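K.L.:
next input, structure requested:
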Amino acid sequence: MRWKLLRRRLSITAPRMTVRSHLPWPLRWAVAAVALGFSAAIGLWAFEFGKSIAGLDRGAKEELAQLRTEVAELRAEREKAQSIANTAESLLKTEKATQERLASQLRQAESENLSLKADLGFFERLLPAAGGLEGLSVRSIQAEPQAPGQMRYQVLLMQSGKQVNPFNGRYELTLMGTLDNKPWTQAMPGGPQPVQVKQYSRLEGLIDHPPQAVVKTVQLRILDGGGAVRATQTLKL
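P.N.:
Numbers count the residues shown, from 1 in each chain. So this is what the prediction gives:
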């Protein structure tokens, strides 16, 4: 039996044996990492070499620098345009404020012009001087109904001469007509009113009277400080 076992081991039919060396796992990982790194380096080199052959990197740096320059120029132009826009907006606001101020001044000038036209029309309707002492005269008197029971009057007083002293006195208006078919007279309510004339003075106002009264005549008298009549004029309606 022993002989058979010995012959089997020594013959070609004996079973094969494999001898393997045992490596620790840290060393195996290190070898694997080195192999992977080497493979990655070869792959990267092949990629870069392929790019250089294909011409993909030619002028890339120059193009990048040019693009950066163009971006900087565009930013500068945008900032310049924004500055111009801000300046234009400020100018527009200033111009708008100026236009509004000019419009206000124009409206004021038109109002003053209308007032001057009214004064001019009033002076153009001046009547010849009537009465008066020491250059004081009633140059114009006008009266017209404003509403039932109300009369509106306008008077222009003037002093003629090169050197005249200011006149300080009073004026009174008297309405005359009929009321209930009877003669009727009404003095100015409140009595004579103060008046001062340097070269000219314009008087105007309203006088209330009975609505049924028919006013036919308006009489104006100018009184000095002592109550003496200095000028008078009568207007027939």
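K.L.:
every contact and neighbour count from this point should use C-alpha atoms.
P.N.:
Will do.
K.L.:
low pLDDT regions in this structure?
P.N.:
Scanning the chain for pLDDT under 70 picks out 1-28, 30-31, 34, 38, 43-61, 119-134, 161-162.
K.L.:
counting residues per helix, which one in it is longest?
P.N.:
Ranked by residue count under DSSP state H, the longest helix found in the chain is helix 60-124.
K.L.:
now the strands: where do they sit in this protein?
P.N.:
136-147, 150-159, 167-179, 182-187, 193-197, 200-208, 214-223, 229-236 (DSSP state E).
K.L.:
and those strands: which comes nearest S115?
P.N.:
S115 sits nearest to strand 200-208 of all those, at 13.3 Å, using C-alpha to C-alpha.
K.L.:
show residues contacting that closest one.
P.N.:
Contacts with strand 200-208, where a contact means C-alpha atoms under 8 Å, 6 or more residues apart in numbering, come from 149-159, 188-189.
K.L.:
got the contact list for the residue nearest to the spatial centre of the chain?
P.N.:
In the chain, the residue lying closest to the centroid (C-alpha atoms, centre = their mean) is A97, at 5.4 Å. If you count contacts by C-alpha under 8 Å, 6+ apart, A97 has none.
K.L.:
please redo it, this time with the cut-off set to 10 Å
P.N.:
Neighbour list for A97: 91, 103 [criterion: C-alpha atoms under 10 Å, 6 or more residues apart in numbering].
K.L.:
for it, give its distance to W29.
P.N.:
Distance, A97 to W29, using C-alpha to C-alpha, to the nearest Å: 83 Å.
K.L.:
just to revisit the earlier point, how about TSV for the strands of the chain, with distance to L106 and mean neighbour count added?
P.N.:
Below are these laid out as TSV (distance: least, C-alpha to C-alpha, whole Å; neighbours: other C-alpha atoms under 10 Å):
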stretch	distance to L106	mean neighbour count
strand 136-147	31	19
strand 150-159	29	18
strand 167-179	37	18
strand 182-187	43	14
strand 193-197	32	16
strand 200-208	27	14
strand 214-223	39	19
strand 229-236	39	17
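K.L.:
out of those strands, which comes closest to Q82?
P.N.:
That would be strand 200-208 among the strands of the chain, by C-alpha to C-alpha, at 60.9 Å.
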